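> everything below, folded, please.
(one chain, ligands or ions: 1)
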Amino acid sequence: MKQWRVAILGAGIGAQHLDAFALLPEHFEVTVLCDRDTARAIALAEGCAGIQVEPELQQVLRRTDIDIIDICLPPAMHAPIALQAMAAGKHVICEKPMATSVLEGVQMQRASAEYKRVLNPVFQYRYGHSITQLQALIDADLAGRPLAGACETHWNRTAEYYANPWRGSWAGERGGAIVTHAIHSHDLISRFFGAITQVSAMLDTRVNPIETDDCAALSFATESGALVTSSVTLGAAGDTSRIRLVFDELTVESAREPYAPGQQPWVFQARDTSQQVQVDQCLAAVGEPDPKQQGYAGQFSALAAHLAGEQSDMVSAHDGLRSLELIAAIYESARSGVRMALPLDLSLSICEDWSAGRIVSD
Ligand SMILES: NC(=O)c1ccc[n+]([C@@H]2O[C@H](COP(=O)([O-])OP(=O)(O)OC[C@H]3O[C@@H](n4cnc5c(N)ncnc54)[C@H](O)[C@@H]3O)[C@@H](O)[C@H]2O)c1
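Here you go, the predicted model:
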């Protein structure tokens with residue numbers, strides 16, 4: 001079994017990536033941690049044998065002893081660094097949002113194909129015991145047809161959060177709560193109901209004095225025909241990420257925890273109460289939660305399986321690109337009041353710059 005050598009770029013959320021790789025020593029060895037804030041990187045690397053701290057991104061990209069570049073940098077850096085890394089022969093893991101425009105995402109997908117390097121956008125919410133249970137119910141034909149869904153991304157973000165210079169601005173973050181927070185729930189909707197095919201959006205900035213959106217009311221149609229609503233605010237008490245998925249034979253309610261809601265127990269309710277026994281048997285047959293299949297560790301386990309040529313539910317470059325198209329469509333719908341169809345025509349100007357759909361305050 002091959003052990004892949006990883007360089008993590010960025011020591012913020014990179015800390016959680018490092019913890020997840022540590023759960024998978026049979027697949028990965030983190031050998032470099034790169035951050036221009038060397039004190040932050042040194043503090044993170046402390047106690048981790050074999051990790052070199054490097055302040056210069058370009059030095060890391062030039063190294064020939066790295067197989068995977070794991071990008072945990074501010075959003076505007078994702079596409080340029082991913083493109084350089086793939087051209088240099090590295091596989092790439094990339095934090096969300098995969099890029100800051102649809103066309104950048106297209107370039108990344110093309111580079112992945114051209115250089116035959118894996119591009120693995122991060123959607124770690126997809127991995128967790130409850131997610132595995134839902135998939136088992138679907139595979140056992142106990143869910144039925146997707147009908148409707150609702151998600152709530154109700155988080156609490158204050159001035160302290162926006163003290164980080166790239167957050168809350170169009171230049172730094174390229175969007176607000178729909179880019180940074182709700183992106184995960186929207187990805188889960190696509191994961192279980194099929195790609196989002198239509199979107200209507202209202203956005204506003206109501207919580208903090210920032211340039212970008214922090215409240216949203218969205219509605220989606222999906223490939224399966226299911227209709228979905230998504231409510232977003234960064235002015236809630238506490239952080240709640242919750243989804244309800246209604247299939248015609250099964251109603252599913254997620255846990256509420258952000259970052260990895262699939263690690264907590266979900267509620268699975270058969271519509272026909274006489275089927276609940278079968279549902280419960282199917283859930284029990286999934287067995288006990290495996291820490292290697294949860295959250296970031298689950299994301300990286302799927303990548304390892306893919307790299308080994310095994311069957312894998314790895315997040316693909318296509319998944320990342322669809323999430324970018326959805327962001328562009330949301331901004332355009334909010335600006336124009338028009339319901340947008342997906343996938344987008346790539347010649348639309350919003351594919352180059354979705355900030356054309358930004359909210360202009362009175
Ligand atoms: N998947 C999730 O749940 C999740 C959660 C949090 C953050 N994120 C994403 O991860 C990314 C990083 O977010 P964060 O919260 O860790 O941000 P952060 O600002 O805390 O960390 C980014 C790090 O990158 C370093 N950096 C910036 N420019 C650099 C350069 N030129 N060279 C070297 N180092 C440089 C900074 O010094 C900083 O330590 C963002 O895209 C964010 O959206 C994802």
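
> is the lowest-mean-pLDDT helix or strand in the chain in proximity to the ligand?
In the chain, the helix or strand scored least confidently by mean pLDDT, DSSP states H and E is helix 170-173, which has a mean of 91. No. On the criterion Cβ under 6 Å from any ligand atom, helix 170-173 is out of touch with the ligand, staying 7.8 Å away. Any C-beta I mention is one placed from the backbone N, CA and C, and that applies to glycine too.

> so which bits of that helix are buried?
Trp170, Gly172, Glu173 (16 or more other Cβ atoms under 10 Å).

> how about the closest residue to the ligand within the stretch 251-362 of the chain, what does it touch?
Nearest residue of the stretch 251-362 of the chain to the ligand: Tyr259, at 5.3 Å (Cβ to the nearest ligand atom). Residues in contact with Tyr259 (Cβ atoms under 8 Å, 6 or more residues apart in numbering) are Gln16, Gln124, Tyr125, Gly295.

> ranking the residues you listed by neighbours, who comes first?
In terms of neighbours by other Cβ atoms under 10 Å, those top out with Tyr125 at 26 neighbours.

> which stretches of the stretch 1-150 of the chain form strands?
Listed from the start of the chain, the stretch 1-150 of the chain has strands (DSSP state E, counting those that start in this stretch) covering 4-9, 28-34, 52-54, 68-71, 91-94, 119-121, 146-156.

> can you pull out the residues in contact with the last one?
Read that as strand 146-156. 177, 181-182, 184-186, 188-189, 192-194, 222, 224-248, 258.

> near the ligand, which residues of the stretch 51-200 of the chain?
Counting by Cβ under 6 Å from any ligand atom, the stretch 51-200 of the chain comes close to the ligand at Leu57, Cys72, Leu73, Pro74, Pro75, Glu95, Lys96, Val122, Gln124, Asn164, Thr180.

> got a PyMOL select line for the buried ones in those residues?
Selection command for PyMOL covering only the buried members of these, criterion 16+ other Cβ under 10 Å:
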select buried, resi 57+72+73+74+75+95+96+122+124+180
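
> let's see the pLDDT reported for Ile359.
The per-residue pLDDT reported for Ile359 equals 55.

> same question for Glu257.
87.

> and for it, the neighbour number?
Neighbours of Glu257 using other Cβ under 10 Å come to 15.

> how close does whatever residue of the chain ends up closest to the ligand get to Leu73?
In the chain, the residue that lies nearest the ligand is Gly12 (2.2 Å; Cβ to the nearest ligand atom). Separation of Gly12 from Leu73 (Cβ to Cβ, to the nearest Å): 9 Å.

> before we move on, what about Lys2?
26 Å.

> what of Cys215?
27 Å.

> before we move on, what about Asn120?
Asn120 is 15 Å from Leu73, by Cβ to Cβ.

> likewise Leu142?
Distance of Leu142 to Leu73, computed by Cβ to Cβ: 42 Å.

> for Pro97, same thing?
12 Å.

> now do the strands in the stretch 151-300 of the chain.
In the stretch 151-300 of the chain, the strands defined using DSSP E, counting those that start in this stretch lie at 196-204, 215-222, 227-233, 235-247, 250-253, 267-270.

> let's have these in CSV, adding mean neighbour count and mean pLDDT.
Below are the strands of the stretch 151-300 of the chain laid out as CSV (neighbours: other Cβ atoms under 10 Å; pLDDT from 0 to 100):
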stretch, mean neighbour count, mean pLDDT
strand 196-204, 20, 98
strand 215-222, 20, 98
strand 227-233, 20, 98
strand 235-247, 18, 97
strand 250-253, 19, 98
strand 267-270, 16, 98
